[in-house]
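Participant: Below: sequence and its predicted model.
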Amino acid sequence: MEQEHKISMNVEKTAQALSAFAIDRTDLKELLAAIPADSSLNKTTIEYELQLLKILSVGWALSFFMPAADKNKGPLTQIFWENIREISGSISSLTQTTTGKSVDYFNILKERLDTYLHAMQNNPETSQNPAVIIGPAFASTCGSADNAVAVLFGTKMFTLTLGAVKEYLNTITIDDIKLN
């Protein structure tokens, strides 16, 4: 059996690629296009919440799929979140400029993280499959708690993002951090 060739990346480039993926809207647009025309869902809210969920899901994927003993896990996760904080600052500034309202996008991400973590903590019996919790929690944040399409979209974004990050991590080798 031939061994797969993995791409060698340093921690910074890996974090940058994951950050770019987290804010990429391609899959988000595909999901939005699938909203039935006669749906009562607020497409703007769904779009906004899907983007938040995708960013958080990339962060979770790093926790789920990188071994605890991997010395690159901490630095990679830290740099990823620093990148997201920087991007969030840009989004906040743009929002301030265009709407005149002060928004702290990174704080909104932290609030959503707390929302999803709270939902998981309240359902420990389903902790083996967090997607079962994330979908309904997503629908609830969208104001559509009983809408099966909203639940499906949240579940799908979460699982697709986790799967994509897992696949990405399986195709690369992260160069070890050089400690001075």
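Facilitator: Here it is on my side, so go on. Numbering: from 1, shown residues only.
Participant: only C-alpha atoms for contact and neighbour calcs from this point on.
Facilitator: Noted.
Participant: Next, count neighbours for Gly47.
Facilitator: Careful, residue 47 is Glu and not Gly. Neighbour count of Glu47, defined by other CA atoms under 10 Å: 17.
Participant: Apart from its chain neighbours, what residue comes closest to Leu162?
Facilitator: Ala61 (5.2 Å; CA to CA, 6 or more residues apart in numbering).
Participant: mind listing the strands for the protein?
Facilitator: 7-9, 172-174 (DSSP state E).
Participant: gap between the last one and the chain center?
Facilitator: Strand 172-174 has its C-alpha centroid displaced from the chain centroid by 20 Å (CA atoms, centre = their mean, to the nearest Å).
Participant: low-scoring stretches of this protein, by residue?
Facilitator: Across the chain, residues meeting the criterion (pLDDT under 70) sit at 1-4, 126-127, 177-180.
Participant: Go again with 90.
Facilitator: For the chain, applying pLDDT under 90 flags the ranges 1-6, 35-40, 94-101, 120-131, 146, 175-180.
Participant: hang on, the earlier thing: return the most buried member of the strands of the chain.
Facilitator: With neighbours defined by mean count of other CA atoms under 10 Å, none of the strands of the chain is more surrounded on average than strand 172-174, at a mean of 17.
Participant: Direction included, what does that one pair against?
Facilitator: Partner strands for strand 172-174, per DSSP bridges, with pairing direction: strand 7-9 (parallel).
Participant: Pull the contacting residues for the nearest residue to Gly154 once chain neighbours are set aside.
Facilitator: In this structure, Gly154 finds its nearest non-sequential neighbour in Gly135, 4.3 Å apart by CA to CA, 6+ apart. Contact criterion CA atoms under 8 Å, 6 or more residues apart in numbering gives Ala150, Val151, Leu152, Phe153, Gly154, Thr155, Lys156, Phe158 as the residues in contact with Gly135.
Participant: Good, wrapping up.
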